[in-house]
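Asks: take this sequence and fold it.
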Amino acid sequence: MILTSSQKNCLKLLLLLIPSILISGCVNNKLQKYDPNNPLEISNNKAIIVLDVQDDQVRINKFDENYNNPRVKPFSYTLSPNGLIFRDNSFKDAFFTIEPGIYYISHAKSTTGYDPQITHYTILPGLTQEGRVVYGAFKVNPGEVAFLGKIDSILSIASSKTSANLFFVKSNLDEAKQKILESGSKYKPLVSKLQKITFYPSGSRIYLDKNGEYNLSLD
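Replies: The predicted model follows:
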């Protein structure tokens with residue numbers, strides 16, 4: 001088949017774009033809501049996490065051992081507030097299916113505070129070259145039903161572009177379990193499996209343990 005000049009130019013452009021598309025990876029992914037009617041989602045390849053965020057937008061990156069390679073873009077999820085978490089009839093907005101692994105906050109922005117005209121935001125990337133956590137991190141194990149709670153920050157009362165010691169988690173596992181039981185929802189079978197996981201604050205580190213697996217440490 002003989003290509004016209006125009007077709008050749010389009011083909012050249014496509015060939016130039018393919019590497020960029022492959023390198024850029026996935027961006028702005030959304031966590032998938034957990035479907036209580038499909039319990040098979042809990043497996044070695046999946047886990048369930050219960051979480052919410054306070055700020056307008058929080059991005060969490062899935063840790064990859066090639067994080068220092070600028071050509072490898074991390075897989076990330078962008079989270080937005082679900083509203084009144086752990087209130088009656090709101091559990092569908094708090095349970096998500098997630099791939100097991102280590103996740104760290106890479107970016108956040110907030111327009112709430114004393115002046116709603118000012119947007120407060122963090123500095124990327126959220127992880128130093130040495131594997132130190134800048135904002136916060138957590139780990140989800142395969143098949144786990146993990147309770148993290150609500151990720152909150154002091155971005156709204158801090159200076160714009162402030163980098164560290166801003167994030168914390170509000171969590172009350174006992175209250176969450178009680179709300180689920182009282183709701184009569186389809187999530188009740190998960191109560192006995194619900195386990196609180198640790199939120200690792202700024203200064204924590206990701207390290208390779210003696211078993212060859214990556215883990216989080218507070219030191």
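Asks: tell me the mean pLDDT for stretch 178-195?
Replies: Stretch 178-195 comes out with an average pLDDT of 81.
Asks: buried residues in it, which are they?
Replies: Of all the residues in stretch 178-195, those buried under the rule 16 or more other Cβ atoms under 10 Å are 179-180, 183, 185-187, 190, 194. All C-beta atoms are positioned from the backbone trio N, CA, C, and that covers glycine.
Asks: can I get those residues in TSV including secondary structure and distance to L218?
Replies: Output for those, formatted as TSV (DSSP: H, G, I helix; E, B strand; the rest coil; distance: Cβ to Cβ, whole Å):
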residue	secondary structure	distance to L218
K179	helix	29
I180	helix	29
S183	helix	34
S185	coil	34
K186	coil	36
Y187	coil	31
L190	helix	28
L194	strand	23
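Asks: ok, those residues vs L208, which is closest?
Replies: L194 (29.3 Å; Cβ to Cβ).
Asks: distance of the closest one from E182?
Replies: 15 Å (Cβ to Cβ, to the nearest Å).
Asks: next one: V191
Replies: 11 Å.
Asks: and Y214, by the same measure?
Replies: For Y214, the distance to E182 - Cβ to Cβ - is 38 Å.
Asks: now L166. Nearest residue, chain neighbours left out?
Replies: Nearest residue to L166, sequence neighbours excluded (Cβ to Cβ, 6 or more residues apart in numbering): S153, at 4.8 Å.
Asks: residues near the one you found, how many?
Replies: By other Cβ atoms under 10 Å, 23 other residues sit near S153.
Asks: bridge partners for it, pull those for me.
Replies: F167 (DSSP bridges).
Asks: dump the residue contacts of V133.
Replies: 104, 126-127, 200-206, 216 (Cβ atoms under 8 Å, 6 or more residues apart in numbering).
Asks: and of these, the nearest to N68?
Replies: L127 (9.2 Å).
Asks: burial count for that closest one?
Replies: Neighbour tally, L127, other Cβ under 10 Å: 23.
Asks: same thing with N38?
Replies: For N38, using other Cβ under 10 Å, the count is 9.
Asks: just the pLDDT for it.
Replies: For N38, the predicted pLDDT is 73.
Asks: just the helices in this protein please.
Replies: Assigned by DSSP state H, the helices in the chain fall at 5-24, 173-183.
Asks: which of those helices has the lowest mean pLDDT?
Replies: Among the helices of the chain, helix 5-24 carries the lowest mean pLDDT (a mean of 42).
Asks: what sits closest to V169 if chain neighbours are left out?
Replies: F199 (4.2 Å).
Asks: brain fart, L31
Replies: F96 (4.0 Å).
Asks: pull the contacting residues for the one you found.
Replies: Counted by Cβ under 8 Å, 6+ apart, F96 has contacts 31-34, 48-51.
Asks: now do 10 Å
Replies: 30-34, 47-52, 77, 79, 82, 146 (Cβ atoms under 10 Å, 6 or more residues apart in numbering).
Asks: repeat for I48
Replies: By Cβ under 10 Å, 6+ apart, the neighbours of I48 are 34, 36, 39, 41-42, 95-98, 140, 143-147, 187, 190, 193-194.
Asks: mind listing the residues bridging to the residue nearest to F75 when sequence neighbours are not counted?
Replies: Spatial nearest neighbour of F75, excluding adjacent residues (Cβ to Cβ, 6+ apart): K62 at 4.5 Å. Beta bridges link K62 to Y103, judged by DSSP bridges.
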